[in-house]
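[1] Kindly generate the corresponding structure for this input.
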Amino acid sequence: MDLAARSERLAYDYPCNHSTRACSQAVLMAVPETCGAQMQDYQHLLSSFKKAQTLYHWFEKEFGSWFCHEIIGFHLDEQEKIREWEAAGGRERCCRLAGETAAQVIRILQED
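    Sure thing, here's the model as predicted:
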């Protein structure tokens, strides 16, 4: 399994198996775990504005926004809204979003 696919799987699994609803948290957990020792080689890439800008533009084009409530259509600050979000398949959608984003981060880091 390549790094992007592995990272996608880890980030997909993270919000589904932990008590979080944060895509960014899932991505930040999956990418270092995927790369392991290789992360030291990627440090210069992580600090690169161009790479961050590439991710930003990809994410916004792919999901329509950077704001969670705009992407998922719910404000998750009330229990009732959380139940509605979950009933509408929100957790699965967020897991996919986290997985896709982690895979894209790996692809961007591997460019050059």
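
[2] Number of residues surrounding Arg83?
    By the measure other C-beta atoms under 10 Å, the count of residues near Arg83 is 11. Any C-beta I mention is one placed from the backbone N, CA and C, and that applies to glycine too.

[3] phi, psi of it?
    Backbone geometry at Arg83, expressed as degrees, to the nearest 10, gives phi -60, psi -40.

[4] what's the weakest-modelled helix or strand in this structure?
    Ranked by mean pLDDT, DSSP states H and E, the weakest helix or strand in the chain is helix 39-46, scoring a mean of 55.

[5] Below-threshold pLDDT in this structure: ranges please.
    For the chain, the stretches with pLDDT under 70 are 1, 3, 12-49, 112.

[6] so where do the helices sit in this protein?
    Secondary structure of the chain by DSSP state H: the helices cover 3-17, 23-35, 39-46, 49-63, 68-72, 79-87, 90-110.

[7] and the shortest one, what other elements does it pack with?
    Which is helix 68-72. Contacts defined by 3 or more C-beta pairs under 8 Å, 6 or more residues apart in numbering; DSSP states H and E place helix 68-72 against helix 90-110.

[8] Quick check: buried residues in the helix it packs on?
    Within helix 90-110, the residues scored as buried using 16 or more other C-beta atoms under 10 Å are 90, 94-109.

[9] which helices and strands sit right next to it?
    helix 3-17, helix 23-35, helix 39-46, helix 49-63, helix 68-72.

[10] Tell me who's in contact with Ile108.
    Contact analysis of Ile108 by C-beta atoms under 8 Å, 6 or more residues apart in numbering lists Lys51, Thr54, Leu55, Trp58.

[11] can I assume the first one is in contact with Leu109?
    Yes - taking C-beta atoms under 8 Å as the definition, Lys51 is a contact partner of Leu109 at 6.9 Å.

[12] Please report how far Lys51 lies from Gly89.
    Here Lys51 is placed at a distance of 32 Å from Gly89 (C-beta to C-beta, to the nearest Å).
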